[in-house]
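[1] pasting the sequence and the predicted coordinates here, then a few questions.
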Amino acid sequence: MPAIRPSSKRKPPPDGFDDIEEDLLIFGNKMKDAQNTPTDNIPKHQAQWPIFQISHQRSRYVYELYYEKEAISRALYDWLLKNGYADAMLIAKWKKQGYEKLCCLRCVQTKETNFNSTCVCRVPRAQLKEDQDVQCVSCGCRGCASTD
């Protein structure tokens, strides 16, 4: 068991954390439930999909609070990123044009695909064949191209 750090050395959260703490606890409880869900009858690659989706929702929540609603301060935003409440790399991608709806970073990494391209969920629906159902193998996304 790891040693417990004394609480006097831990930096307290900035002002405004009390307003969003309940929502972050809800995301934390959803994450615990997703992690503790039995995965006996599910293929291995699908077992992590709920975890990716909850992490995406929590990061999107923090992103919208800071960039769109301007409801939290810069100090609180930085503290949330530093303490793992949101994925800083994913938020950095959301700020770039064309990546506004990106579901996870694995979908834009070309190293993990067969043909060194992005994931199939990044293809706009207009370019797909009619009635073609697309689902990402890594996170379960059904389409995160910005033109959809």
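    Noted; the coordinates are in hand. This structure is a prediction, so every number in the text was calculated from the model and none was measured.
[2] tell me the domain boundaries of the chain?
    The record's domain parsing of the chain by the TED database lists 15-36+43-95, 101-147.
[3] checking the residue nearest the centre of the chain next. Helix, strand or coil?
    Geometric centre of the chain, nearest residue: His56, 2.1 Å, by C-alpha atoms, centre = their mean. The local conformation at His56, judged by DSSP: H, G, I helix; E, B strand; the rest coil, is helix.
[4] list the contacts of stretch 47-64.
    Under the contact criterion C-beta atoms under 8 Å, 6 or more residues apart in numbering, stretch 47-64 has outside partners 23-24, 27, 30-31, 34-35, 37, 39, 72, 77, 80-81, 85-87, 90-91, 94, 103-104, 138-140. (C-beta placed from N, C-alpha, C; glycine too.)
[5] need the buried ones from these selected in PyMOL.
    Selection of buried members from these for PyMOL, criterion 16 or more other C-beta atoms under 10 Å:
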select buried, resi 24+27+30+31+34+72+77+80+81+85+86+87+90+91+94+103+104+138+139+140
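[6] in strands only, show me the contacts of stretch 47-64.
    Applying DSSP state E to those, no entry is found in strands.
[7] now the domains of the chain in CSV, with mean pLDDT?
    Listed next are the domains of the chain as CSV, based on pLDDT from 0 to 100:
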stretch, mean pLDDT
domain 15-36+43-95, 95
domain 101-147, 84
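[8] where exactly do the helices run in this structure?
    All helices of the chain, identified by DSSP state H, fall at 17-36, 44-47, 49-63, 74-82, 88-94.
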